[in-house]
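# My questions are about this predicted structure, shown below with the sequence.
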Number of protein chains: 2
Amino acid sequence: MISDKMLQLTQNNSVIRAMFEEGNRLAAEFGRENVFDFSLGNPNFPPPDAVREAIIDVLNTVPPTEIHGYMSNAGYPEVRAAVADSLNRRFGTEYDARGIVMTVGAAGGLNVVLKTLINPGDEVIALAPYFVEYGNYARNWDGALVVVPANPPTFQPNADALTAAITERTKAVIINSPNNPTGVVYTRETLQNLADALTRKSREYGHPIYIIADEPYRELSYGTDVPWIPSVYRDTLVCYSWSKSLSLPGERIGYIAVAPDAADYELLTDALGIATRVIGFVNAPSLMQLAVARVLDVQPNLAGYAENRKLLYDGLTALGFDCVYPDGAFYLWVKAPNGDDKAFAAAAKQYNILIVPGSSFAGAGYVRIAYCVAKSTIEGSMAGFAKLAGKYGLSKLTSDN
Amino acid sequence: MISDKMLQLTQNNSVIRAMFEEGNRLAAEFGRENVFDFSLGNPNFPPPDAVREAIIDVLNTVPPTEIHGYMSNAGYPEVRAAVADSLNRRFGTEYDARGIVMTVGAAGGLNVVLKTLINPGDEVIALAPYFVEYGNYARNWDGALVVVPANPPTFQPNADALTAAITERTKAVIINSPNNPTGVVYTRETLQNLADALTRKSREYGHPIYIIADEPYRELSYGTDVPWIPSVYRDTLVCYSWSKSLSLPGERIGYIAVAPDAADYELLTDALGIATRVIGFVNAPSLMQLAVARVLDVQPNLAGYAENRKLLYDGLTALGFDCVYPDGAFYLWVKAPNGDDKAFAAAAKQYNILIVPGSSFAGAGYVRIAYCVAKSTIEGSMAGFAKLAGKYGLSKLTSDN
């Protein structure tokens, strides 16, 4: 009696659920400390203390009916203004409060943007490998997801491949940098080439093709410049979330940012607020809006992730695995030694190591290893990875001798 | 460049926005204290102190990565179990944690349910007058809203009218009691008649027709029994929210409850969790999940609303207005003296009184007056209402003399 779309999703979902259940089964059999679960992008470091202090400050200084009441669907005016000011200070931009719409996380923001832009049959482009939910988000609003093939070994998207994928039905391109699942940060050159392609095609078809910048990992870069995409391409809708930067994924708090010179600015920003209401979000959670507005300048502490990154990257490359060097996010993208990522993930499970096949991200031939885990998980997994290297006949250490 | 659906919504929205802007204009001209805004269902009483204490308790006793991290899309297992236990204690039911899906408010819950149930072209029935967003929610998922006409003067829905509206494409009926906008609580007899009609039609068409019970006002009853709908009809999906009962509308926290004997229970509950993720809610806000689980037995303090209700109902009936006696919620449903609700609302604005025409709820001929306001707003408005009564030639006071 459920809908056909949901029946299909429920059946497909069982693959991922099976992984969780397998993790629990392994933990029960071998003990949780002997299972090395790299499957989830759930930050293991707590939020900065400033977040807790901000929540308490809101509770102590703002009247309860204001903390917990309705506000404009797009968010508290003062929170939207504070976000705009913060962006303007950092990026030399000219956002105003109207262009900021507070959202139920970046996933909420993406759905608000897609609902706002898409007519049935319109196309949205994703650059492989990409977060698998993008397809579901587009189909929520009767759009079609068109996939630009991955560009190994750098995984910097190719502008010609993007151009080839654009049709007159293309409404937007989703760009996610730092990238899930590869950890790659798109360079300014890459972004400029993509923007040039979009500008040409927008002109050819006589309507703007928007960039939807999915940016939950914006602050998670290990020294590499993360270019501000709206400075490269005018018609960019940024979907941000504090899920990863402040370790708040459960709170569902983020924003959409639209620059004042974007096409149809007033109509677009009005529609984003209305879409927020109509989808049933109504507004971003109110206490958390007021809390994040108090910590806009708090930067994440990346030392732990940086340490994990080095430990995992150095460890696996020393064993002969072919890893994409991760400039950002908290994922390592590793080539399946014989090209079969599902077989590789299954083999890893023999050593109680849980990793996600790249096929789940339209990135067959690779696996994603999420290193937002305890250091001990990485250390404990290395014996298993060494056995995997032996099983696959990797020989880097030997040949170095 | 925005979608056709959103363009239409943006244009229609301007009517409601005009009301807000008019309110601000009037406040600027006459002073906020001289404007009597009855247009919004935003609780004016603060949450019970226990809510603040619960939030602080969560912050003090739960590790931050658990408070703010991801959990199952359907919510924390212990929160879902606590909600099930609470329902079972109150209603003698047998819910288990699996049947509880935590949601981003009732609006989020309704969209999760509709996404889960509807195929394109399926029909969802609303009983007029009804909350206007239901139509948008159904159309989000390519469903059609079918409206059963209002049944004045009691506004208890008529089962024969419901039967006449059901087709083989009917997937669900939305029931909202205590009702927005009328304040009417549907009686057990009304609900039993509706349930009997649905049982007959479900059998005739060979598939269950679900009741979606939209229940943000469940706790807001002034002595009248609010029947527990799943006890009357098995295939009921309850969408609850703490927005009104605990004055937390900005926090977006609620749940869906499915009883274990509902049709397709396991598939349905799985699909509801997946729909929560796929729409972009991901999960209900995490801190607030843990907080509400600590105050499940806290009852709202209705004394203030009860006082407002009496003041407004007695005042307006004494002036000769024809009001539906409100057994629940915080709305008074008043007949427009000459039947033209839009003209009546416009006339009220001349006296700085803001009320919503019933046409906005498929209830032409009536207006909605939200009394979740300061007592002084009601007291201050009475002079204006008296002049309105005079203008419309109402004569009850005179004829009583």
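Nice, I can see it.
# Could you list the low-pLDDT ranges of chain A?
Along chain A, the parts satisfying pLDDT under 70 run over A:14-17, A:395-401.
# what residues go with each domain of it?
A:13-42+A:302-400, A:49-292 (automatic domain parsing).
# helices and strands around the helix or strand A:Ile378 falls within, which ones?
If you go by DSSP states H and E, A:Ile378 is part of helix A:375-391. For helix A:375-391, the packing partners by 3 or more CB pairs under 8 Å, 6 or more residues apart in numbering or on different chains; DSSP states H and E come out as strand A:36-37, helix A:303-318, helix A:341-349, strand A:353-354. For glycine as for every other residue, the C-beta is placed from the backbone atoms N, C-alpha and C.
# now for those, which one comes closest to chain B?
Closest of the helices and strands packed on helix A:375-391 to chain B is helix A:303-318, at 12.2 Å (criterion: CB to the nearest CB).
# quick one on the thing from earlier: of the helices and strands packed on helix A:375-391, which stretch is the most buried?
Highest mean neighbour count of those: strand A:36-37, a mean of 24 (counted as mean count of other CB atoms under 10 Å in any protein chain shown).
# residue ranges of the strands in the stretch 201-350 of chain A, please?
In the stretch 201-350 of chain A, the strands defined using DSSP state E, counting those that start in this stretch lie at A:210-214, A:236-241, A:254-258, A:323-324, A:331-335.
# The stretch 1-150 of chain A too?
Under DSSP E, counting those that start in this stretch, the stretch 1-150 of chain A gives strands at A:36-37, A:100-103, A:123-127, A:144-148.
# which residues sit against the third one?
When you say that, I think you mean strand A:123-127. With CB atoms under 8 Å, 6 or more residues apart in numbering or on different chains as the test, strand A:123-127 has contacts from A:114, A:118, A:134-135, A:138, A:143-148, A:150, A:157, A:162, A:165-167, A:169-176, A:212, A:362.
# returning to what we had before: residues of the helix holding A:Ile378 that come out buried?
Going by neighbour count (16 or more other CB atoms under 10 Å in any protein chain shown), the buried part of helix A:375-391 is A:Thr377, A:Ile378, A:Gly380, A:Ser381, A:Met382, A:Gly384, A:Phe385, A:Ala386, A:Lys387, A:Leu388, A:Ala389.
# Stretch A:360-374 now?
A:360-373.
# Kindly report the same for stretch A:5-24.
Those would be A:Lys5, A:Met6, A:Leu9, A:Thr10, A:Asn13, A:Met19, A:Glu22, A:Gly23, for stretch A:5-24 by 16+ other CB under 10 Å.
# wait, what's in contact with the fifth one?
Right, A:Asn13. B:Asp270, B:Ile274.
# Name the nearest of the buried residues of helix A:375-391 relative to B:Ala271.
Among the buried residues of helix A:375-391, A:Thr377 lies closest to B:Ala271 (CB to CB), at 32.5 Å.
# Check whether the closest one really touches A:Leu40, as I assumed.
No - between A:Thr377 and A:Leu40 there is no contact, the gap being 11.5 Å when judged by CB atoms under 8 Å.
# can you give me the helices for the stretch 101-250 of chain A?
For the stretch 101-250 of chain A, helices defined by DSSP state H, counting those that start in this stretch occupy the ranges A:105-117, A:133-140, A:159-165, A:188-205.
# Minimum distance to B:Ile353: which of those helices has it?
helix A:105-117 (34.3 Å).
# okay, the angle between the closest one and helix B:105-117?
70 degrees (axes from the mean of the first three to the mean of the last three CA atoms, to 10 degrees).
# was I right about A:Glu22 contacting A:Leu354?
Yes - with contacts counted by CB under 8 Å, A:Glu22 reaches A:Leu354, the gap being 7.4 Å.
# what sits against the closest residue in space to A:Asn119 that isn't next to it in sequence?
Using CB to CB, 6 or more residues apart in numbering or on different chains and skipping the chain neighbours, the partner closest in space to A:Asn119 is B:Ser3 (5.0 Å). Neighbouring residues of B:Ser3 by CB under 8 Å, 6+ apart: A:Lys115, A:Thr116, A:Leu117, A:Ile118, A:Asn119, A:Asp122, A:Trp141.
# 6 Å - rerun?
A:Leu117, A:Ile118, A:Asn119 (CB atoms under 6 Å, 6 or more residues apart in numbering or on different chains).
# could I get those residues as CSV with neighbour count?
Converted to CSV, these look like this (neighbours: other CB atoms under 10 Å in any protein chain shown):
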residue, neighbour count
A:Leu117, 25
A:Ile118, 27
A:Asn119, 16
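# sorry, back to before: just the closest of the buried residues of helix A:375-391 to B:Leu319, please.
Nearest member of the buried residues of helix A:375-391 to B:Leu319, counting by CB to CB, is A:Thr377, at 71.6 Å.
# right, and that closest one touches A:Phe36 too?
Yes - counting by CB atoms under 6 Å, A:Phe36 is a contact partner of A:Thr377 at 5.3 Å.
# Stretch A:203-211: end-to-end distance?
The straight-line separation of the ends of stretch A:203-211 (CA to CA, to the nearest Å) is 15 Å.
# How about A:Lys387: what's its closest non-neighbour residue?
Excluding its sequence neighbours, the residue lying closest to A:Lys387 (CB to CB, 6+ apart) is A:Tyr351, at 5.9 Å.
# Count the residues that sit near that neighbour.
17 (other CB atoms under 10 Å in any protein chain shown).
# Kindly report the same for A:Pro149.
There are 15 residues near A:Pro149, going by other CB under 10 Å.
# can you pull the contacts of it?
Contacts of A:Pro149 by CB under 6 Å, 6+ apart are A:Ala128.
# before we move on, the earlier item: so can I have CSV of the buried residues of helix A:375-391 showing distance to B:Arg200?
Compiled in CSV, the buried residues of helix A:375-391 are given as follows (distance: CB to CB, whole Å):
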residue, distance to B:Arg200
A:Thr377, 58
A:Ile378, 62
A:Gly380, 62
A:Ser381, 60
A:Met382, 66
A:Gly384, 61
A:Phe385, 63
A:Ala386, 68
A:Lys387, 65
A:Leu388, 62
A:Ala389, 67
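# Tell me the one of the residues you listed nearest B:Glu266?
Of the buried residues of helix A:375-391, the one sitting nearest to B:Glu266 (CB to CB) turns out to be A:Thr377, at 32.9 Å.
# residues from the stretch 51-200 of chain A in reach of chain B?
Proximity of the stretch 51-200 of chain A to chain B is confined to A:64-65, A:68-70, A:105, A:107-108, A:111, A:116-119, A:136 under the rule CB under 6 Å from any CB of the partner chain.
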